[in-house]
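Asker: What would the 3D arrangement of this be:
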Amino acid sequence: MTGSSLSRPLQLLLRPLISLLVVVGLGFGLSGCVTTGLPVAATSPWQPVALATKANPLDVAFTNDRHGFLVGSNRLILETEDGGASWAERALDLPEEENFRLISIDFRGDEGWIAGQPGLLLHTTDAGQNWSRLFLDTKLPGEPYLITALGANQAELATNVGAIYETRDGGTNWQAEVDDAAGAVRELRRFDDGRYVSVSSLGNFFSTWDPGQGTWQPHQRMSSQRLQSMGFQPDGTLWMLARGAQIRFNPDAANVEEWGKAVVPITNGYGYLDMAWAPDGSIWTGGGSGTLLVSSDGGKSWQKDPVGAAQPSNFTRISFSPDGKGFVLGERGSLLRWVG
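Answerer: Numbers count the residues shown, from 1 in each chain. Next up, the predicted model:
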């Protein structure tokens, strides 16, 4: 009876300690599942650029090797004369009471276009010294989302519901390229040959459109994870970013239903928002809370970029131009410039 009377108080004393050890053990185990350590690259090809704004940069385009524009939220438009090393604020002749979101900009030589929301389209023929506003049809399906300069007086405009229009007379008239829009989209990209890919607003499927097709072609996503963003690899095949920090690559441009296994470089609670290929062939992906990763072996292994990790921002866009310029666009005036 003595042994029994001593063991019960001991059990009562030990029970909280055992529970604590179990909780701690589970914490270590779960943290090992949700956080994967990645090596930090020894050097970075990126340089932070100070911008005198807290608006969100959304797109960038150049008229030549040194002169270009950066556009974004809250009517943001900045101009550079030194390849993007420094930027100066510009003003547009727009109604003061309207808070436009300048979402897309593109140039072909000195001729350029800006698409914005709500219902904004601007055109320049003198490298951005002067901009004229083109008033869009009030029956235009959706809001301007992506503008592509194609040649003299020629451009292609896509909206946030997948309507696609082309002008050949400087924006006076627009011809519909698609009979039926794709529906509300969260992301829409164009390849050099005129093909498009879009992600539905809920991320539950994606659609493709090739020039000459009357309608968008819908496709199911590859897993239970909803899609975040999609785009084109340099060879015309597709890439896909899904929630849960999943990356997938399409190996065959002729078969958009074929995808490789999911790659999950690091799960740190922040998803990836964009992906791009640098001039040296490296693959970059960025996302929340300074997440900026690079792969130099086609996506098999990844490293964290030290400059990106030091930025208190979410990276929403990674842009490389054919002439080798590159930028990482982040929220609240965050900008990184490629210096190689």
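
Asker: hey, let's count contacts and neighbours off CA atoms from now on
Answerer: OK.

Asker: what's the closest residue to Gly290 other than its chain neighbours in contact with, if anything?
Answerer: Once flanking residues are discounted, Gly290 sits nearest to Ala309: 4.6 Å by CA to CA, 6 or more residues apart in numbering. Going by CA atoms under 8 Å, 6 or more residues apart in numbering, Ala309 touches 289-292.

Asker: State the pLDDT value of Pro16.
Answerer: On pLDDT, Pro16 comes in at 48.

Asker: That should have said Leu157, apologies.
Answerer: As predicted, Leu157 sits at a pLDDT of 98.

Asker: From Gln175, how far out is the closest residue in space to Ser289 that isn't next to it in sequence?
Answerer: Nearest residue to Ser289, sequence neighbours excluded (CA to CA, 6+ apart): Asn314, at 5.0 Å. Relative to Gln175, Asn314 is positioned 37 Å away (criterion: CA to CA, to the nearest Å).

Asker: Show me which of those two is the more surrounded one.
Answerer: More crowded of Asn314 and Gln175, by other CA atoms under 10 Å: Asn314, with 23 against 12.

Asker: thinking that one is in contact with Gly287, fair?
Answerer: Yes. Asn314 is within contact range of Gly287, at 5.6 Å (criterion: CA atoms under 8 Å).

Asker: follow-up on the earlier one: next one: the residue nearest to Ser289 from Val185, what distance?
Answerer: As judged by CA to CA, Asn314 and Val185 stand 21 Å apart.

Asker: Would you state the helices of this structure in chain order?
Answerer: Ranges of helices within the chain are 2-34, 306-309, based on DSSP state H.

Asker: between those helices, which gets the lowest average pLDDT?
Answerer: helix 2-34 (a mean of 42).

Asker: Excluding sequence neighbours, find me the nearest residue to Leu121.
Answerer: Once flanking residues are discounted, Leu121 sits nearest to Ala115: 4.7 Å by CA to CA, 6+ apart.

Asker: surely that neighbour meets Ile147?
Answerer: Yes. With contacts counted by CA under 8 Å, Ala115 reaches Ile147, the gap being 6.0 Å.

Asker: Spell out which residues sit in contact with the closest residue to Gln246 other than its chain neighbours, please.
Answerer: Among residues not flanking Gln246 along the chain, Val264 sits closest, at 5.0 Å (CA to CA, 6+ apart). If you count contacts by CA under 8 Å, 6+ apart, Val264 has them with 245-247.

Asker: any idea of the pLDDT on Asp180?
Answerer: 85.

Asker: before we move on, what about Ile77?
Answerer: pLDDT at Ile77 comes out at 98.

Asker: Could you report the neighbour count for it?
Answerer: Residues near Ile77, counting by other CA under 10 Å, number 21.

Asker: Run through the residues that contact it.
Answerer: 69-71, 89-92, 102.

Asker: Filter the residues you listed down to the buried ones and hand me the PyMOL line.
Answerer: With 16 or more other CA atoms under 10 Å as the burial test, the buried ones among these are selected in PyMOL as follows:
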select buried, resi 69+70+71+102
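
Asker: pLDDT and distance to Arg195 added to the contacts of Ile77, as a markdown table?
Answerer: Rendered in a markdown table, the data for the contacts of Ile77 read as follows (pLDDT from 0 to 100; distance: CA to CA, whole Å):
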| residue | pLDDT | distance to Arg195 |
| --- | --- | --- |
| Phe69 | 98 | 25 |
| Leu70 | 98 | 25 |
| Val71 | 98 | 24 |
| Glu89 | 97 | 34 |
| Arg90 | 96 | 33 |
| Ala91 | 93 | 34 |
| Leu92 | 95 | 32 |
| Leu102 | 98 | 23 |
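
Asker: Thanks again, I'm all set now.
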